[in-house]
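Peer 1: Whatever this is, show me its structure:
(2 chains)
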Amino acid sequence: MSHRIDPCRRAVARESGTGRAGARPRRTLLRAAALALPLLACGGGGQPPTELILASTTSTEDSGLLDVLLPAFARAHPEHRLKLVAVGTGQALTLGERGDADVLLVHAAAAEAAFVAAGHGLERRPVMHNEFVLLGPPEDPARAASTPHVAAALARVAAAEAPFVSRGDDSGTHKKELELWMAAGVEPPAGGWYLEVGQGMADALSVATERAAYVLADRATFLSMRGLLDLVIVVEGDERLFNPYGVIPVAGARNAAGARAFADWITGAEAQRLIGDFGVARWGAPLFVPDALPTTAG
Amino acid sequence: MLEILWRSLAVSGTAVLLGVLVGLPVGVAVGLGRFRGRQLAVALIHTGFALPPVVVGLLVYMVLSRAGPAGHLELLFSAPAMVLAQTLLAAPYVAGITLAAVQSVPTDVRLQARALGASSGRALWAHLREARLGLGAAVVAGFGAVISEVGAVMLVGGNIRGETRVLTTAIVLETRRGNFALALALGFLLLAIAFAVNLALTRIQQGGRHQPWAAASSERPWA
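Peer 2: As a prediction, the model looks like this:
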């Protein structure tokens, strides 16, 4: 299956063969870069493993989960050299659409379904989920903690006009938040109590602490910053707060066999166990719940 | 860490080298040439100073993407792709400062050389020798612009560990991870590298003089 040449060697071979006269500066540049730098991109000779590009979201890389998963995959499948490109969800899907990534690990259920339906992906398989939590000041001025349902809790926050910090950056967390406001029957949130910060999760949590505000956060970021924050969990465990991750082998991938192998591996027993164990030692609680195998739960 | 540092130097160093190969002749030609549209060329080069790295990265991505015109090269998410993007960023700096440097040398240097019987090539060489302080500054500025940029290398390199992770992309990653101390340490490392490289370049630029810092102002007021 893998009769691909080493990409670097191929690039050099191709480029040195095209000595067309009057090449435009950009071509010349390209050629110079391709010729001058094989040593940077390629280690040495020998039979290189096939390159496999995984596009995933920054959350998986930032949490450190992939630092655990990728070496394990390399041990299980030494024939594939996996390269992780961690980007935003939208960018990951675009990379797949253009054929620049072989396999995707993302969390955007609706967009993933559309991606597969449009023929860009072969299938979407559930891998794991993490959870959002509604945080608030310990005094809980809106008495939002009196309900286990996040939509009802948000309705209470809105009714009390208690300060609420929104990411406001079109991130996955922000999209989730807007979805939850809609479920709460408050749309679009408006008024002085609703603060859009347009920043990352960590910044939003800092602002929420300063303003004694409610905020929606992923559990991983909250756990990692807990010591710096004056915020407590107001609602957790509501199914609406789940954030499911799926794996999608890209249709027509450059390394289709590798994409398939990765999808099979990450939904298999070893990876699912690693996912379930991740974070327990450091945070005292798992950050992700494996979803691929029904038996791994509990 | 050392490997990331080495890759930063290799990528940005190569990019500046290529940027000099492109920018220096362009800067000299525009600086000394008399042709129609010259002012436009100068303005365009100076506009290049304002090129957002992420836009250059996006353009290079579109070209190198599998769905793009140069997709068959399979260079996306590789060090050569990062070099290409940074070359495009460095070249305008090199060209712009080169053109200012060669313009600031009095033209009688070349006229004198010609009068003394030098060929036009030798006369140009004499001119460039006079402008060498400014040309050194062009290299320094180009290097500073690319070693510190993150938008382009993040996009076309992908920040792949062990392959395309450089100091700036590592700083972004560690900041996102909340490891502010490590991110800051990497930032200081980057500054230290820039300082070391600039010191070395300054030595070359001011070559052999006993008072390198005083020389520029006292002997060559135009530089």
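Peer 1: Report the helix or strand with the lowest average pLDDT across chain B.
Peer 2: One helix or strand of chain B scores below all others by mean pLDDT, DSSP states H and E: helix B:212-219, with a mean of 45.
Peer 1: now the helices: where do they sit in the stretch 1-150 of chain A?
Peer 2: Taking DSSP state H, counting those that start in this stretch, the helices of the stretch 1-150 of chain A run over residues A:7-17, A:25-36, A:38-41, A:58-63, A:65-76, A:89-97, A:109-117, A:150-160.
Peer 1: what's the neighbour count on residue A:90?
Peer 2: By other CB atoms under 10 Å in any protein chain shown, the residues close to residue A:90 number 15. Every residue, glycine included, has its C-beta placed from N, CA and C.
Peer 1: pLDDT weak spots in chain A?
Peer 2: Within chain A, the stretches with pLDDT under 70 are A:1-48, A:188, A:294-298.
Peer 1: Go through it and flag its longest strand.
Peer 2: The longest strand of chain A (DSSP state E) is strand A:125-136.
Peer 1: Sheet partners, orientation included, of that one?
Peer 2: The partner list of strand A:125-136 in its sheet, established with DSSP bridges, is strand A:214-218 (antiparallel), strand A:232-235 (antiparallel), strand A:242-249 (antiparallel), strand A:289-290 (antiparallel).
Peer 1: want to try CSV for the ones you listed, with distance to residue A:256 and mean neighbour count as columns?
Peer 2: Below are the strands paired with strand A:125-136 laid out as CSV (distance: least, CB to CB, whole Å; neighbours: other CB atoms under 10 Å in any protein chain shown):
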stretch, distance to residue A:256, mean neighbour count
strand A:214-218, 32, 26
strand A:232-235, 43, 20
strand A:242-249, 7, 22
strand A:289-290, 25, 20
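Peer 1: Around chain A, pick out the residues from chain B.
Peer 2: Proximity of chain B to chain A (CB under 8 Å from any CB of the partner chain) is limited to residues B:7, B:10-11, B:14, B:18, B:21-22, B:63, B:65-68, B:70-81, B:83-84, B:87-88, B:158-161, B:163, B:173, B:176-178.
Peer 1: could you flag which of the residues you listed are buried?
Peer 2: Among the residues of chain B next to chain A, those buried by neighbour count (16 or more other CB atoms under 10 Å in any protein chain shown) are B:7, B:10-11, B:14, B:18, B:21-22, B:63, B:65-66, B:68, B:70-71, B:73-81, B:83-84, B:87-88, B:158-161, B:163, B:173, B:176-178.
Peer 1: Let's see which of those end up in helices.
Peer 2: Among those, the residues falling in helices (DSSP state H) are B:7, B:10-11, B:14, B:18, B:21-22, B:63, B:79-81, B:83-84, B:87-88, B:173, B:176.
Peer 1: The stretch 151-298 of chain A: helices as residue ranges?
Peer 2: A:172-183, A:201-211, A:219-225, A:256-266, A:269-277, A:280-283.
Peer 1: Does chain B have contacts with the shortest one?
Peer 2: Spelled out, it's helix A:280-283. No - Helix A:280-283 lies out of reach of chain B by CB under 8 Å from any CB, never closer than 12.8 Å.
Peer 1: Now tell me what touches that helix from outside.
Peer 2: By CB atoms under 8 Å, 6 or more residues apart in numbering or on different chains, the residues outside helix A:280-283 that reach it are A:223, A:224, A:286.
Peer 1: nearest to residue B:51, of those residues?
Peer 2: Nearest to residue B:51 among the contacts of helix A:280-283 is residue A:224, at 36.1 Å by CB to CB.
Peer 1: Look up how far residue A:152 lies from the closest one.
Peer 2: Per CB to CB, to the nearest Å, residue A:224 is found 28 Å from residue A:152.
Peer 1: on that earlier part again, same list (the contacts of helix A:280-283) but as a markdown table, adding neighbour count.
Peer 2: Shown next, in a markdown table, are the contacts of helix A:280-283 (neighbours: other CB atoms under 10 Å in any protein chain shown):
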| residue | neighbour count |
| --- | --- |
| A:223 | 18 |
| A:224 | 23 |
| A:286 | 17 |
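Peer 1: and chain B, which of those reach it?
Peer 2: Among the contacts of helix A:280-283, the residues within reach of chain B (CB under 8 Å from any CB) are residue A:224.
Peer 1: which one of the contacts of helix A:280-283 sits closest to chain B?
Peer 2: Set against chain B, the nearest of those by CB to the nearest CB is residue A:224 (5.8 Å).
Peer 1: Can you tell me the centre-most residue of chain A?
Peer 2: Central residue of chain A (CA atoms, centre = their mean): residue A:57, 2.6 Å from the mean position.
Peer 1: residue contacts, it?
Peer 2: By CB under 8 Å, 6+ apart, the residues touching residue A:57 are A:86, A:87, A:88, A:89, A:92, A:105, A:106, A:107, A:172.
Peer 1: top of those residues by neighbour count?
Peer 2: residue A:106 (28 neighbours).
Peer 1: just checking, it touches residue A:246?
Peer 2: Yes - the criterion here is CB atoms under 8 Å, and residue A:106 meets it with residue A:246 at 6.8 Å.
Peer 1: who touches both of the two?
Peer 2: Listed as contacting both residue A:106 and residue A:246 by CB under 8 Å, 6+ apart are residue A:112.
Peer 1: Please name the residues that touch residue 116.
Peer 2: Since no chain was named, I'll use chain A. Contact partners of residue A:116, counting by CB under 8 Å, 6+ apart, are A:122, A:123, A:124, A:248.
Peer 1: Check residue A:138 too.
Peer 2: For residue A:138, the residues meeting the contact criterion (CB under 8 Å, 6+ apart) are A:230, A:231, A:232.
Peer 1: if I look at it, how far off is residue A:214?
Peer 2: 12 Å.
Peer 1: so the residue positioned nearest the centre of chain B is in which element?
Peer 2: Geometric centre of chain B, nearest residue: residue B:142, 2.2 Å, by CA atoms, centre = their mean. According to DSSP states H and E, residue B:142 maps onto helix B:132-147.
Peer 1: name the helices or strands packed onto that helix?
Peer 2: Helices and strands touching helix B:132-147, as assessed by 3 or more CB pairs under 8 Å, 6 or more residues apart in numbering or on different chains; DSSP states H and E, comprise helix B:2-32, helix B:79-103, helix B:180-205.
Peer 1: So which of those helices is nearest residue A:242?
Peer 2: Across those, residue A:242 has its closest neighbour in helix B:180-205 (29.9 Å, CB to CB).
Peer 1: just checking, what packs against the closest one?
Peer 2: Applying 3+ CB pairs under 8 Å, 6+ apart, one finds that helix B:180-205 contacts helix B:2-32, helix B:132-147, helix B:167-176.
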